[in-house]
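Asks: output the structure for:
(chains A and B)
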Amino acid sequence: RKEVEQDPGPFNVPEGATVAFNCTYSNSASQSFFWYRQDCRKEPKLLMSVYSSGNEDGRFTAQLNRASQYISLLIRDSKLSDSATYLCVVNENTGFQKLVFGTGTRLLVSP
Amino acid sequence: DVKVTQSSRYLVKRTGEKVFLECVQDMDHENMFWYRQDPGLGLRLIYFSYDVKMKEKGDIPEGYSVSREKKERFSLILESASTNQTSMYLCASREIDEQYFGPGTRLTVT
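Replies: Okay, the predicted model is just below:
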């Protein structure tokens, strides 16, 4: 089983739609969780952190379910500029606090 | 603004060549990382360093080595490049939980 699993997509949605991505992780000792965004041919950048019960930042909401070991990202009122790959990232809380990256979910927002 | 720079955006090398990829960060971070990113496999950790002259193997260190002689600089070395090392290489430095990535080097080994 992969350490961090995501649906690769692509998710094709119209502008204004609400879209949600899920991610599951295998290490129950993981303590912190993140969503990174990666544009085509660019480096990943931190979108938001997910601590305790979740986090909201404008149109973006991240939720954590420790019991089921998954996190989610909800994007409301999608914009064309939201088109990107969204990487789920887990801090495994081992000796070095290793970050484990999912393979990403691709989002395409169309006019 | 944190800045992580990599020496080249695109690189083409021949099989068997020794390849150096350089990474520099300007935020005095102790932790630095080298990843490769391939379609369908995501980001895989090659090596990391938590201090000058310290290095640790990541998940896929075979065929690579690293050097960290100064805090701001972390180099990835391919001792004898092979075609299966064709990939996007990303350097990162980290403060607490947030990792800052460089723009990447797309390496092609022919």
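
Asks: so what's B:Ser80 up against?
Replies: Contacts here follow CB atoms under 8 Å, 6 or more residues apart in numbering or on different chains; on that basis B:Ser80 touches B:Gly16, B:Glu17, B:Lys18, B:Gly63. For the C-beta atoms, the positions are set from N, CA and C on the backbone; glycine is no exception.

Asks: now do A:Asp77: how many residues are near it, please.
Replies: For A:Asp77, the neighbour count with other CB atoms under 10 Å in any protein chain shown is 11.

Asks: can you list the contacts of B:Ser80 in CSV and add neighbour count, pLDDT and secondary structure?
Replies: Conversion of the contacts of B:Ser80 to CSV gives the following (neighbours: other CB atoms under 10 Å in any protein chain shown; pLDDT from 0 to 100; DSSP: H, G, I helix; E, B strand; the rest coil):
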residue, neighbour count, pLDDT, secondary structure
B:Gly16, 10, 97, coil
B:Glu17, 13, 97, coil
B:Lys18, 10, 97, coil
B:Gly63, 14, 96, coil
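
Asks: what sits up against the worst-scoring helix or strand of chain B on mean pLDDT?
Replies: When the helices and strands of chain B are scored by mean pLDDT, DSSP states H and E, strand B:98-101 comes last with a mean of 90. Here strand B:98-101 makes contact (CB under 8 Å, 6+ apart) with A:34, A:43-46, A:49, A:99, B:2-4, B:25, B:27, B:29, B:33, B:90-94.

Asks: go with 10 Å
Replies: Under the contact criterion CB atoms under 10 Å, 6 or more residues apart in numbering or on different chains, strand B:98-101 has outside partners A:34, A:36, A:38, A:42-46, A:49, A:89, A:99, A:101, B:1-4, B:6, B:23, B:25, B:27, B:29, B:31-33, B:35, B:37, B:43, B:90-94.

Asks: noted, bye for now.
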